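Colleague: any chance you can model this:
(chains A and B)
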Amino acid sequence: GAVVSQHPSWVICKSGTSVKIECRSLDFQATTMFWYRQFPKQSLMLMATSNEGSKATYEQGVEKDKFLINHASLTLSTLTVTSAHPEDSSFYICSATRAGDEQYFGPGTRLTVT
Amino acid sequence: RKEVEQDPGPFNVPEGATVAFNCTYSNSASQSFFWYRQDCRKEPKLLMSVYSSGNEDGRFTAQLNRASQYISLLIRDSKLSDSATYLCVVRVGTSGSARQLTFGSGTQLTVLP
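Modeller: This next block holds a predicted model:
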């Protein structure tokens, strides 16, 4: 099956700093990667859709200047949370898909901003 | 109105019980339907796709009613290991942004010994 990894699995940072989260498809080339955020006891909310080599498409209400997405290759996408604040503390999950295929989810990154 | 709505839960059932989850979706253009399972602090994992004719996978049976825009999941002979949050998920299409998945808020199931 398709494997997607995320790094780091958890991170604690101070308010005002930036955090980068990596999402990698390990055994396939992902045409599209998705970034989700999940707050406690809530469902996954799509933040942005990222296609290799092009700008990410952000969902309404998601600040593109705060959540920087780079999709430089078919196996790697990064999400950088800039100037993080405590309200950005959440579970960030990426998924990757081949054309028309199901989405394969990474194990998630738990971000805590103090 | 949420795009995908589920039973609020939580459901606490004894081992061996049969439990049913319901879900409704608002976008009539939705084409694909799924049930995912999410364990605490883990990523969601695909449990099964849902087809109009209904489909079964072992103890799990999924039903879809397009006219009512309603999806269900039935778990028979529930096991302790079934304890998780069950997410109802829909997708509008298969290309471009339509491939995005829309998740329900999930229904928490706890199977008690």
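
Colleague: could you pull up the contacting residues of the most centrally placed residue in chain A?
Modeller: The residue lying closest to the centre of chain A (Cα atoms, centre = their mean) is A:Trp35, at 3.8 Å. Shown in contact with A:Trp35 (Cβ atoms under 8 Å, 6 or more residues apart in numbering or on different chains): A:23, A:46-48, A:50, A:56, A:67, A:69, A:77, A:79, A:92-94. No exception for glycine: its C-beta is placed from N, CA and C like everyone else's.

Colleague: show me the two of those residues that sit farthest apart.
Modeller: The distance between the two most remote of the contacts of A:Trp35 (Cβ to Cβ) is 15.5 Å, for A:Ala56 and A:Ile93.

Colleague: out of the contacts of A:Trp35, grab the one that's most surrounded.
Modeller: A:Cys94 (31 neighbours; other Cβ atoms under 10 Å in any protein chain shown).

Colleague: any low-confidence regions in the chain?
Modeller: All of this is about chain A. Confidence mapping of chain A against pLDDT under 70 gives the ranges A:1, A:100.

Colleague: not what I meant, chain B
Modeller: B:1, B:94-98.

Colleague: now the strands for it?
Modeller: B:4-6, B:11-14, B:19-25, B:32-38, B:44-50, B:55-57, B:60-65, B:70-75, B:84-91, B:101-103, B:107-112 (DSSP state E).

Colleague: before we move on, what about chain A?
Modeller: Under DSSP E, chain A gives strands at A:4-7, A:10-13, A:19-25, A:32-38, A:45-51, A:57-58, A:67-73, A:76-81, A:90-97, A:104-105, A:109-113.

Colleague: residues of chain A that sit close to chain B?
Modeller: A:32, A:34, A:42-46, A:49, A:57, A:91, A:93, A:95, A:97, A:100, A:102-103, A:105-108, A:110 (Cβ under 8 Å from any Cβ of the partner chain).

Colleague: mind redoing it with 6 Å?
Modeller: Residues of chain A lying close to chain B (Cβ under 6 Å from any Cβ of the partner chain) are A:43-44, A:46, A:93, A:100, A:105, A:107-108.

Colleague: give me the number of residues near A:Pro107?
Modeller: A:Pro107 has 15 nearby residues by other Cβ under 10 Å.

Colleague: distance of it from A:Glu87?
Modeller: 23 Å (Cβ to Cβ, to the nearest Å).

Colleague: also A:Thr57?
Modeller: A:Thr57 is 23 Å from A:Glu87, by Cβ to Cβ.

Colleague: these two: who's more crowded?
Modeller: A:Thr57 (17 against 9).
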